[in-house]
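I would like to see how this sequence folds:
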Amino acid sequence: CVFEKGVVRLVGAENVAEFDGFLKTRAAHDYLAKKQLVSTRRLDAAEIAGRFASTALESILAARPNAAIFEHERIEFPSYPQEWPPEMLWEAGRLTLDLGRAALAEDYGLKDATPHNVLFRGSEPVFIDALSFERRAPGDPLWKPGAQFIRSFLLPLLANRRWGIPLTDVFTTHRDGLEPEEIYRHCRTWERLHPRILSLVTIPTWLSRRASPDDQEIYQPRLLADTEKARYIVESVFNRMGRALNWLRPAALQKSTWSDYMAGHSYDD
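Numbers count the residues shown, from 1 in each chain. The predicted model follows:
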C-alpha cells in the first residue's frame, strides 16, 4: 500500500523471521547506509493501531494476526526500464550483482534479478524489493535468477550496443527482456563465435534445441554435499556475469581524462 509518507508492506507470518534476519545482516546494513537498498523498518503495534485504524489494512491484519507490517521510503519519482538509457540499465545491473554477492556472503540468496526491482534516486540506483532475499541452502550451486539477469540486463545491453536497438523497443514488447534465441537470429555466423556471445547467446540457443519443454527434472534442486564447492560455483557465476556486464559498459560510463576532473586537477585554489 502506498501512503503519503511511504510505502507499507504486509509480510506473512511464514516470511517474517527470514525477512527480519536479512535486515540484521551486515550486507543489508551496508547497503541501507549507502542508500542503495530501500530503507525498511518494522512497525510496532502502537504505530499500526494509530496509523491504520479504520482503513482497509486494518481488516486485512485482523484476518492475519501473525503478519507484520514493514514501511519503506517512497522513491520519487519512479522510472521504468523502457524509459532508461543504457547507462541506467547498466547501473541497475551492477547494483543487482553487487547485492547478490553481498547476500551470498551472509548465506542469503537474491531470488529475483530484474530491472523492475530498481528505481533511481536522482542518478543513484536503489534496490526496492527487499523481500527478494531468502535463506539459501548451503549446498545449492545455482544462482537462481542467473538466466533472468542475462535476459533482462545483459542481452538488452548487447542488442543496444551491437545493433542500436533502443531499450524502449526491448522492454515495451518484452517485459522480461530478450531470449538468447532472439539475439542469435540477429548475429552473423562469425559473431556467434565471439567468446562473449558464444557463452551468453550461442551455447544457450544450441542447448535449448535439445531440451524438452516437458522435462520437469530440470526444475528439481540439486544440492552438493560439499558446501564450499557449491559456494565457489555460485561465486564463479557472479564473476562471469560481472565480466560480461563490464564488457557491455556504455561508453558514457567509461573513465576518461575528465572523469574526476573536479577532484583530480592540477590547480590550487
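
Okay, now the unreliable bits of the chain?
Across the chain, the ranges flagged by pLDDT under 70 are 1-5, 54, 211-220, 253-260.

Could I get the full set of helices for it?
Taking DSSP state H, the helices of the chain run over residues 13-23, 26-33, 45-52, 56-63, 86-105, 146-149, 155-163, 167-173, 180-186, 195-197, 203-210, 227-247, 261-264.

List the buried residues of the shortest one.
Same thing as helix 195-197. Neighbour-count burial for helix 195-197 flags Ile197 (criterion: 16 or more other C-beta atoms under 10 Å). Where you see a C-beta, it was placed from the backbone N, CA and C, and this is true even at glycine.

any residues touching that helix, and which ones?
If you take C-beta atoms under 8 Å, 6 or more residues apart in numbering as the criterion, helix 195-197 is touched by 158, 183, 187, 191, 244, 247.

change it to 7 Å
Helix 195-197 has contacts (C-beta atoms under 7 Å, 6 or more residues apart in numbering) with 187, 191, 244, 247.

and the gap between Pro138 and Thr227?
The gap separating Pro138 from Thr227 is 4 Å, by C-beta to C-beta, to the nearest Å.

Adding distance to Val118, write the helices of the chain out as JSON lines.
Formatted as JSON lines, the helices of the chain follow (distance: least, C-beta to C-beta, whole Å):
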{"stretch": "helix 13-23", "distance to Val118": "18"}
{"stretch": "helix 26-33", "distance to Val118": "12"}
{"stretch": "helix 45-52", "distance to Val118": "28"}
{"stretch": "helix 56-63", "distance to Val118": "26"}
{"stretch": "helix 86-105", "distance to Val118": "4"}
{"stretch": "helix 146-149", "distance to Val118": "12"}
{"stretch": "helix 155-163", "distance to Val118": "14"}
{"stretch": "helix 167-173", "distance to Val118": "13"}
{"stretch": "helix 180-186", "distance to Val118": "22"}
{"stretch": "helix 195-197", "distance to Val118": "23"}
{"stretch": "helix 203-210", "distance to Val118": "24"}
{"stretch": "helix 227-247", "distance to Val118": "14"}
{"stretch": "helix 261-264", "distance to Val118": "27"}
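
Looking at those helices, which is nearest to Phe70?
Closest approach to Phe70 among the helices of the chain is made by helix 13-23 (7.4 Å; C-beta to C-beta).

Considering the contacts of helix 195-197, which is situated nearest to Leu110?
Nearest to Leu110 out of the contacts of helix 195-197 is Ala244 (C-beta to C-beta; 17.1 Å).

burial count for the residue lying closest to the closest one once chain neighbours are set aside?
Once flanking residues are discounted, Ala244 sits nearest to Leu154: 5.4 Å by C-beta to C-beta, 6 or more residues apart in numbering. Leu154 is flanked by 25 other residues according to other C-beta atoms under 10 Å.

ok so, going back, of the contacts of helix 195-197, grab the buried ones for PyMOL.
A single PyMOL command is used to select the members of these judged buried by 16+ other C-beta under 10 Å:
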select buried, resi 187+244
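
Ok, which of the helices of the chain comes nearest Leu131?
Here helix 13-23 is closest among those (C-beta to C-beta), at 6.2 Å.

can you give me how far that closest one is from the chain middle?
Taking C-alpha atoms, centre = their mean, to the nearest Å, one finds helix 13-23 lying 19 Å from the centre of the chain it belongs to.

change the start of the numbering to 25 and stick with it
In the new numbering, first residue 25, that becomes helix 37-47.

List the buried residues for it?
By 16+ other C-beta under 10 Å, the buried positions in helix 37-47 come out as 43, 45-47.
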